[in-house]
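*Asks:* got a structure for you, letters missing:
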């Protein structure tokens, strides 16, 4: 795999990016130490995106969820500390 220093990468960036887009990845190094690898971009596959509702039917929420423990929560805010 081609390794180029930062100065060379800045000088030839257009050509290097074009090569990477056509399947020729390269590494940019600083003082001889590899820093980044440039590879072609590929869009994510349809199945890998997050979906809302993927656990539908797996979890149940009580009907009184919004009013659960309101007495003790109110007491904590008012300082009576039930």
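*Replies:* In hand now; what should we look at? None of the values given here were measured: they were computed from a predicted structure. Numbers count the residues shown, from 1 in each chain.
*Asks:* Show me the helices in the protein, by range?
*Replies:* Secondary structure of the chain, counting by DSSP state H: helices at 6-11, 13-21, 70-78.
*Asks:* want to try a markdown table for those, with mean neighbour count, mean pLDDT and distance to residue 35 as columns?
*Replies:* Yep, even glycine has a C-beta here, placed from its N, CA and C like the rest. Listed next are these as a markdown table, based on neighbours: other C-beta atoms under 10 Å; pLDDT from 0 to 100; distance: least, C-beta to C-beta, whole Å:
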| stretch | mean neighbour count | mean pLDDT | distance to residue 35 |
| --- | --- | --- | --- |
| helix 6-11 | 13 | 96 | 8 |
| helix 13-21 | 13 | 95 | 14 |
| helix 70-78 | 10 | 88 | 51 |
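*Asks:* Put together CSV for those helices, with distance to residue 52 on each row.
*Replies:* Shown next, in CSV, are those (distance: least, C-beta to C-beta, whole Å):
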stretch, distance to residue 52
helix 6-11, 41
helix 13-21, 34
helix 70-78, 28
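*Asks:* Let me see the ranges of the strands in the chain.
*Replies:* Using DSSP state E, the strands of the chain run over 2-5, 26-30, 33-38.
*Asks:* how about JSON lines for those, with mean neighbour count and distance to residue 73 added?
*Replies:* Below are the strands of the chain laid out as JSON lines (neighbours: other C-beta atoms under 10 Å; distance: least, C-beta to C-beta, whole Å):
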{"stretch": "strand 2-5", "mean neighbour count": "14", "distance to residue 73": "60"}
{"stretch": "strand 26-30", "mean neighbour count": "16", "distance to residue 73": "55"}
{"stretch": "strand 33-38", "mean neighbour count": "12", "distance to residue 73": "50"}
